[in-house]
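K.L.:
I'll drop the sequence and a predicted model, then ask my questions.
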Amino acid sequence: MSECGTQPPDGSRSGEPELTCEQSLARVYEYLDGELDTAEHDAVRRHLEKCRKCYPHFDFERLFLDYVHELGAGEESRPGLADRVRDMLAAEKS
Amino acid sequence: MSIPAEQRQREFESEALVHLDALYGLALRLSGGDEPRAEDLVQEAVLKAYRAWDRFESGTNCRAWLMTILRNTFINQFRRQKARPVPVEFEQVAERPSSEALYEADPEGQIFDRIIDDQVIAAIDELPEEFRVAVVLSDLEGLSYQEVAELMGIPVGTVKSRLFRARKRLQERLYDYAVEMGYLR
Ligand SMILES: [Zn+2]
């Protein structure tokens, strides 16, 4: 496994390449969406534990995604729709 | 034994039609706020559900079943007329550096407590369809990348890049709104 880019000072875990800030930020949505495999997820998490630059950025993106998730598709009403649907069903031969 | 038509319709109305507003809400977001198109979508989905009603197991999640039928109905239409190219304008605009402007101006995300939901909904509606559908399915409906990819008939990598661009575009719009409303300067 090759390591590219700059490496944070903590090299204590042998064999596990450290992610650069750029590599971590490129994975922000996959990380927050829970779409990374365990090894990659852990690599990002280790980076966030010690990077003051990336952590707030991830936090911000989490707030953004939480906001949109919570918004959801929601319910909307349309005048007359229920009546038109009932008429359609009544006209449908069973 | 088939159920008499009247009883069947009554049953369907009490169990399925109570979810009409939820169906219409999803249809409206998928169709980008196009009300007649959303209504057509709901009508088509409800008719399909009604025809398949004998196969619906009562006691299971009727709302989820109906939403799935509606999503599939939309996707069938979407995939049929998918020949449209992605608008160039969006591709270029999405690259403008201000996609990070919101984070830089408001790193703590206070905007998310203050923004009016309708403004965000309008911003989602305005996304080009290919991007909007990915956002609606993933962010509003909570489907996985794989599920979105299968529904839309595109690779997972394309789902990722569409979500990335669409989310950045939404943040740009939120930034513009925040400045307009005086939340940010
Ligand atoms: Zn970093």
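P.N.:
That came through, no problem.
K.L.:
Around the ion, which positions in chain A sit nearby?
P.N.:
A:21, A:51, A:53-54 (CB under 5 Å from the ion). The C-beta positions use only the backbone N, C-alpha and C, and glycine is treated the same way.
K.L.:
which parts of chain A sit against chain B?
P.N.:
Within chain A, the positions near chain B by CB under 8 Å from any CB of the partner chain are A:29-30, A:33, A:35, A:56-57, A:59-61, A:63-69, A:71-78, A:81-82, A:84-86, A:88-90, A:92-94.
K.L.:
longest helix anywhere in chain B?
P.N.:
Counting by DSSP state H, the longest helix found in chain B is helix B:156-180.
K.L.:
Mind listing what's buried along that helix?
P.N.:
Going by neighbour count (16 or more other CB atoms under 10 Å in any protein chain shown), the buried part of helix B:156-180 is B:158-160, B:162-178.
K.L.:
now residue B:140: how far from residue B:127?
P.N.:
Taking CB to CB, to the nearest Å as the measure, residue B:140 falls 12 Å from residue B:127.
K.L.:
With residue B:177 instead?
P.N.:
15 Å.
K.L.:
Which residue, neighbours along the chain excluded, lies closest to residue B:49?
P.N.:
Take residue B:49 and drop its neighbours on the chain: the residue closest to it by CB to CB, 6 or more residues apart in numbering or on different chains is residue B:69, 5.2 Å away.
K.L.:
Tell me where chain A has helices.
P.N.:
A:21-26, A:28-32, A:38-50, A:54-71, A:81-91.
K.L.:
Check what contacts the longest one and list those residues.
P.N.:
The contact list for helix A:54-71, computed with CB atoms under 8 Å, 6 or more residues apart in numbering or on different chains, reads A:21, A:24-25, A:28-29, A:31-33, A:47-48, B:103, B:107-109, B:112, B:115, B:117, B:120-121, B:135, B:139-140, B:142, B:167, B:170-171.
K.L.:
Then stretch B:113-122?
P.N.:
A:67-68, A:71, B:29, B:33, B:170, B:173-174, B:177-178, B:181, B:183.
K.L.:
quick one, what contacts the residue nearest the centre of chain B?
P.N.:
Chain B has residue B:136 as the residue nearest its centroid, 2.9 Å off, counting by CA atoms, centre = their mean. Shown in contact with residue B:136 (CB under 8 Å, 6+ apart): A:73, B:26, B:29-30, B:124.
K.L.:
Roughly how far does it sit from residue B:25?
P.N.:
Taking CB to CB, one finds residue B:136 at 11 Å from residue B:25.
K.L.:
so what sits against both of the two?
P.N.:
residue A:73.
K.L.:
pLDDT below threshold where in the chain?
P.N.:
You didn't pick a chain, so chain A it is. A:1-16, A:93-94 (pLDDT under 70).
K.L.:
Switch to chain B, please.
P.N.:
B:1-3, B:82-98.
K.L.:
Which parts of it belong to which domain?
P.N.:
B:5-81, B:97-180 (automatic domain parsing).
K.L.:
Quick check: phi and psi at residue B:58.
P.N.:
Per-residue torsions, residue B:58: phi -70, psi 150 (degrees, to the nearest 10).
K.L.:
sorry, back to before: from the contacts of helix A:54-71, list the buried ones, please.
P.N.:
A:24-25, A:28-29, A:31-33, A:47-48, B:103, B:109, B:112, B:115, B:120-121, B:135, B:139-140, B:167, B:170-171.
K.L.:
Show me the strands in chain B, by range?
P.N.:
Using DSSP state E, no strands are found in chain B.
K.L.:
Would you indicate which residues of stretch B:139-153 are buried?
P.N.:
Under the neighbour-count criterion of 16+ other CB under 10 Å, stretch B:139-153 has B:139-141, B:143, B:145, B:148-149, B:151-152 buried.
K.L.:
Repeat that for stretch A:73-89.
P.N.:
A:73, A:76, A:78, A:81-82, A:85-86, A:89.
K.L.:
And the contacts of it?
P.N.:
By CB under 8 Å, 6+ apart, stretch A:73-89 touches B:9, B:12-13, B:17, B:20-22, B:24-26, B:28-29, B:35, B:38-39, B:42-43, B:46-47, B:50, B:136, B:140-141.
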